[in-house]
Each structure stands twice: as C-alpha cells, then as structure tokens.
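Peer 1: Here's a sequence, model it:
(one chain, ligands or ions: 3)
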Amino acid sequence: MTVTEEAPAKKERWTAQWKELYDEVVDSGLCTGCAGCVIVCPHDVLSYNHESGGYKPFHIEEELGPTNCVHGEKGCTSCTRACPRFRSWEPEADEHLFARARQPDEVSGIYQDLLLTRASEDMVHQMGQDGGLVAAMLIWLREHDYIDAALVSFLDGEAGDWKAKPGVAVTREEILASAGSRYTYSANTLASKEAAERGLSRLALVGMSCQSSILPVAWHRKVGKSTKPFLFNIGLLCSKTFDDAIFEELFETKYGLRKQDMVKMNIKGVFQIWMKDGSYHEINLKECHAWTREGCVHCPDFAAEHADVSTGGIGKDNDWTLTIVRTDLGREVITRMIDDGSIIARPADEDPGAIKLMHKLSEKSRERWPDTAIAFPKAMAPH
Ligand SMILES: Cc1cc2nc3c(=O)[nH]c(=O)nc-3n(C[C@H](O)[C@H](O)[C@H](O)COP(=O)(O)OP(=O)(O)OC[C@H]3O[C@@H](n4cnc5c(N)ncnc54)[C@H](O)[C@@H]3O)c2cc1C
Ligand code: SF4
Ligand code: SF4
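Peer 2: Residues are numbered from 1 along each chain as shown. Ligands and ions are numbered 1, 2, ... in the order given. Got it, this is the predicted structure:
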C-alpha cells in the first residue's frame with residue numbers, strides 16, 4: 001500500500017502591528033476601548049483617552065505619527081495579538097477556551113451551566129448590583145488563594161462622582177467598595193499596571209463582555225508575559241455603555257438629576273435612578289440612546305462569551321445574578337462556593353424568560369457587527 005502524505009500547511013507568520021490595528025479596528029469603528037492593546041505593549045507607546053467622546057487607545061510616539069509604529073515596523077506585533085476585535089478573534093477565543101468551534105445555536109457563547117445565584121452573606125448581597133455574586137466570588141477567590149487581587153471598577157474622587165475608574169481590589173473592603181454597576185465605561189484592564197507595581201501577580205479580571213475576550217485571544221495568539229498574571233476572568237453581560245456626558249447633558253439638564261445626589265442606578269428596561277432624597281426616577285432608554293458610547297455601536301457580544309463565569313441581571317428576580325458557567329475553572333469555583341455555602345444557587349430553568357431574553361439580546365447584539373468586517377459574529381445572527 002502506498003501512503004501519500006501531504007505536507008502540513010505552513011502557518012503564516014503573524015506580522016500585523018499597530019498600523020494594521022489602527023486601520024482595521026480603531027479607525028474602522030470596531031474598537032471597544034477595552035485597552036487590551038495598551039496593557040500588552042512592551043514599549044509603552046500606546047496610551048488611553050478616558051475622556052467623554054474618547055475611550056480609545058492612541059499611539060504616542062512622534063516618529064511615525066499616530067497611525068504607524070516604529071517598533072511595529074521592526075517586528076513587534078503584541079497589540080494586534082491581544083485585540084479582541086482584530087480579524088478572527090471570536091473563533092480563535094472559542095477554540096482556545098473550549099477546544100471546539102461554536103454551534104449555530106450557541107449564540108450566547110459556549111457554556112456548561114446556567115444558574116441563578118446570590119451571595120449568602122447579607123452584606124455582600126446588599127452591596128452587589130444583583131445577587132452580589134461577583135463580589136462574593138472575588139472575596140472567595142482571595143480567601144482560597146486562587147488570586148492576590150482583582151481588577152475592578154471604582155468611582156473616582158469623592159462619593160457621588162459617577163466617573164468609573166479602573167482599580168485594584170485586594171481586601172474584602174476594597175472588593176465591596178467596588179461592587180455595583182456603573183453604566184459608563186471603565187477599562188479595568190488598565191489597572192494591571194498598578195497591580196504589577198504592587199507586586200500582585202495573580203489576578204482576576206472583572207470586565208464588560210468586550211474586556212473578557214482579551215485574555216483568551218491574547219493567550220491563543222501567544223502574546224507573552226503581560227497576560228500571565230490573569231488567572232480568573234469574570235464577565236459582565238452588556239448591551240451598551242454610555243458616554244459620561246449623559247450625566248450633565250441628559251440627567252441634569254433635562255431632569256434636574258445631579259450626579260452628586262444619585263445613590264444607585266440600574267437598567268431594567270428603563271434607566272432607573274435612585275436619589276439621596278429618597279426619590280426614584282425612570283428614564284426611557286430610547287432617550288438615552290444618543291449618548292451610547294461610540295465603542296459599543298458595533299459590539300456583537302452581549303453575553304461575555306469568553307469569561308470563566310459571565311454574570312447578568314436579567315430575569316424576574318432583581319436580587320439574583322444570572323450566572324453563566326463557561327469553563328472548567330469557572331465550574332470548579334462555583335461548585336466549591338455552593339458546596340461551602342458561600343452562595344445560594346438554583347437552576348436558571350426556574351426563570352425560562354431570563355434565558356430566552358439572554359439569547360434574544362445576544363442575537364440582537366450580533367446584528368450590530370458590520371458587514372464589512374470578518375463574517376463570523378454576524379453569521380451567528382438570525383437572518
Ligand atoms: C455597564 C454595564 C452594563 C450592563 N448591562 C447589562 C445588561 O444589559 N444585561 C444584564 O443582564 N446585565 C448587565 N450588566 C451586568 C449587571 O449589571 C451586573 O454587573 C451583574 O449581574 C453582576 O451583578 P453582581 O451583583 O453579581 O455583581 P457585583 O457584586 O455588584 O459586582 C459588580 C462588579 O462589576 C464591576 N463594575 C461595575 N461597573 C463597571 C463598569 N462600568 N465597567 C467595568 N466593571 C464594572 C465592579 O467593580 C464589580 O467588581 C451590566 C453591567 C455593567 C457594568
Ligand atoms: S478593541 Fe481593545 S485591543 Fe483592540 S484596538 Fe480597541 S482598545 Fe485596543
Ligand atoms: S456593548 Fe458592552 S461589551 Fe460591547 S463594547 Fe460596549 S461596553 Fe464593551
């Protein structure tokens with residue numbers, strides 16, 4: 001018998017650098033502002049614009065200007081390797097995390113379990129946006145020596161200023177201080193610099209859907225040591241974030257609601273705002289649309305499809321976290337937390353409406369992916 005063996009196809013060398021990233025992602029409108037490129041840049045030539053209307057990376061070296069990079073010309077490719085919107089990011093991250101391609105019905109990503117969970121401890125539960133699962137999980141991961149710290153979002157400055165700011169949470173107090181949701185953007189990844197300076201080398205990342213795809217994409221494309229400290233990845237379900245200008249331009253100017261006087265906000269079909277004086281206000285989401293952050297306009301990922309555990313607030317019970325357990329590591333942690341009583345869990349099947357809504361919103365987000373970009377995310381949308 002004659003066996004003819006075809007030589008395996010030679011893997012193409014990865015040469016794409018900031019120049020390609022700028023053209024294909026930043027300038028084309030696909031950039032979410034996740035800051036993945038910024039934190040992996042080994043030459044520190046990428047910076048980040050946190051201001052209203054910005055939320056984007058930019059190149060700071062003068063030599064070749066804002067659209068090209070001298071280190072890239074010499075062979076550096078780190079930024080494109082870490083970008084979760086560059087080329088075939090989605091199947092690559094699926095492959096890396098789950099070792100298989102996604103099926104057409106897996107529009108909310110691949111997962112193992114769907115649960116409704118809440119922190120057992122009243123204090124943690126109350127501080128959390130929904131069931132307080134994220135805060136409970138971070139406290140648990142610290143206490144059980146999985147991580148040294150978490151990259152989260154704090155409120156900047158004095159209490160009452162709603163500017164979300166990336167930060168490092170080490171202690172239980174810091175984790176609780178970071179709990180709750182802010183609906184403006186916080187590139188939590190940027191706190192990795194502070195974590196490194198403080199010698200914190202085992203990290204959990206809490207981030208919006210767009211941020212939770214950075215790590216598997218970067219690992220798949222072998223970025224190198226900058227992503228090694230990340231050991232646990234918690235995603236927040238997300239259909240959009242708002243530009244910070246919404247506070248002054250809509251809430252204050254039209255409704256007289258000053259951000260200094262707000263105590264809590266949530267989005268449940270409407271924008272809900274609770275004020276210090278005890279009053280409660282609802283603002284129609286359609287009215288808020290004009291302040292949608294630019295980076296969200298083309299985002300196809302509602303369900304934080306590449307986290308270890310993804311968390312959301314949809315469902316009929318406000319004070320439970322919809323919990324999507326995706327990876328083996330995620331399942332190990334959630335199972336141990338249920339077994340030792342740190343969280344209470346019930347099957348999400350008890351609220352079929354929540355599951356249906358999650359898939360519906362995932363489909364809706366996929367339709368936002370432009371036809372001009374690589375086909376995969378849009379191909380998962382209903383036609
Ligand atoms: C901007 C935004 C949009 C969201 N949209 C939806 C949605 O459409 N549907 C849905 O089901 N769920 C959505 N969520 C998720 C939901 O609000 C809760 O975060 C999630 O259910 C976890 O609740 P928890 O009580 O378990 O978390 P908590 O214990 O309250 O912990 C929340 C964690 O999120 C971090 N965080 C808060 N705000 C931000 C921010 N702006 N950027 C990055 N990190 C932040 C905090 O630092 C904290 O670590 C959104 C969250 C955010 C922040
Ligand atoms: S999507 Fe993220 S990694 Fe990609 S260019 Fe924008 S900020 Fe950088
Ligand atoms: S919709 Fe949410 S996940 Fe998507 S880019 Fe905006 S903040 Fe990121």
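Peer 1: buried ones in stretch 20-33?
Peer 2: Buried positions in stretch 20-33, judged by neighbour count with 16 or more other C-beta atoms under 10 Å: 20-22, 24-26, 30-33. Using the backbone N, CA and C atoms, a C-beta is placed for each residue, glycine as well.
Peer 1: That one and ligand 1, any residue contact?
Peer 2: No - when contact is scored as C-beta under 6 Å from any ligand atom, no part of stretch 20-33 falls within range of ligand 1; the minimum is 10.9 Å.
Peer 1: which residues touch that stretch?
Peer 2: Outside of stretch 20-33, the residues that reach it under the criterion C-beta atoms under 8 Å, 6 or more residues apart in numbering are 37, 48, 54-57, 59, 66-68, 79-80, 83-87, 185, 187, 208, 210-211, 293-299, 370, 372-373.
Peer 1: Would you work out how far apart the start and end of it are?
Peer 2: With C-alpha to C-alpha, to the nearest Å applied, stretch 20-33 spans 16 Å between its terminal residues.
Peer 1: wait, does it contact ligand 2?
Peer 2: Yes - contact of stretch 20-33 with ligand 2 (C-beta under 6 Å from any ligand atom) involves 21, 25-26, 31-33.
Peer 1: Now, those residues that are in helices?
Peer 2: Among those, the residues falling in helices (DSSP state H) are L21.
Peer 1: which residue ranges form the strands in the chain?
Peer 2: Taking DSSP state E, the strands of the chain run over residues 46-49, 56-59, 113-119, 149-155, 164-169, 203-208, 230-236, 262-267, 270-275, 280-284, 309-312, 321-325, 343-347.
Peer 1: Tell me the residues of the stretch 151-300 of the chain that contact ligand 3?
Peer 2: Counting by C-beta under 6 Å from any ligand atom, the residues of the stretch 151-300 of the chain close to ligand 3 are 185, 208-210, 238-241, 295-296, 299.
Peer 1: and if we set it to 8 Å?
Peer 2: Counting by C-beta under 8 Å from any ligand atom, the positions of the stretch 151-300 of the chain adjacent to ligand 3 are 185, 208-211, 238-241, 293, 295-296, 299-300.
Peer 1: Distance from the longest helix seen in the chain to the middle of the chain?
Peer 2: Within the chain, and with DSSP H defining each element, the longest helix by residue count is helix 352-366. Relative to the centre of its chain, helix 352-366 is centred 18 Å away, using C-alpha atoms, centre = their mean, to the nearest Å.
Peer 1: Would you mind writing the CA trace of it as PDB?
Peer 2: What follows is helix 352-366, C-alpha atoms only, in PDB (Å, rounded to 0.1, in the frame of the first residue of the first chain):
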ATOM      1  CA  PRO A 352     -37.100  30.500  31.400                       C
ATOM      2  CA  GLY A 353     -37.900  34.100  30.400                       C
ATOM      3  CA  ALA A 354     -34.400  35.100  31.600                       C
ATOM      4  CA  ILE A 355     -32.700  32.500  29.400                       C
ATOM      5  CA  LYS A 356     -34.900  33.400  26.400                       C
ATOM      6  CA  LEU A 357     -34.100  37.100  26.800                       C
ATOM      7  CA  MET A 358     -30.400  36.400  27.100                       C
ATOM      8  CA  HIS A 359     -30.400  34.600  23.700                       C
ATOM      9  CA  LYS A 360     -32.600  37.300  22.200                       C
ATOM     10  CA  LEU A 361     -30.300  40.100  23.300                       C
ATOM     11  CA  SER A 362     -27.300  38.100  22.100                       C
ATOM     12  CA  GLU A 363     -28.800  37.800  18.700                       C
ATOM     13  CA  LYS A 364     -29.600  41.500  18.700                       C
ATOM     14  CA  SER A 365     -26.000  42.500  19.500                       C
ATOM     15  CA  ARG A 366     -24.700  40.200  16.700                       C
END
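Peer 1: Which strands or helices does it pack on?
Peer 2: Secondary-structure packing of helix 352-366 (3 or more C-beta pairs under 8 Å, 6 or more residues apart in numbering; DSSP states H and E): strand 321-325.
Peer 1: need the residues of the stretch 151-300 of the chain near ligand 2, please.
Peer 2: So far as C-beta under 8 Å from any ligand atom goes, the stretch 151-300 of the chain lies against ligand 2 at 187, 210, 214, 295.
Peer 1: Surely the third one touches T189?
Peer 2: Spelled out, that is I214. Yes - distance between I214 and T189: 6.5 Å, which falls inside the contact criterion (C-beta atoms under 8 Å).
Peer 1: Quick one: mean pLDDT for stretch 126-143?
Peer 2: The predicted model assigns stretch 126-143 a mean pLDDT of 97.
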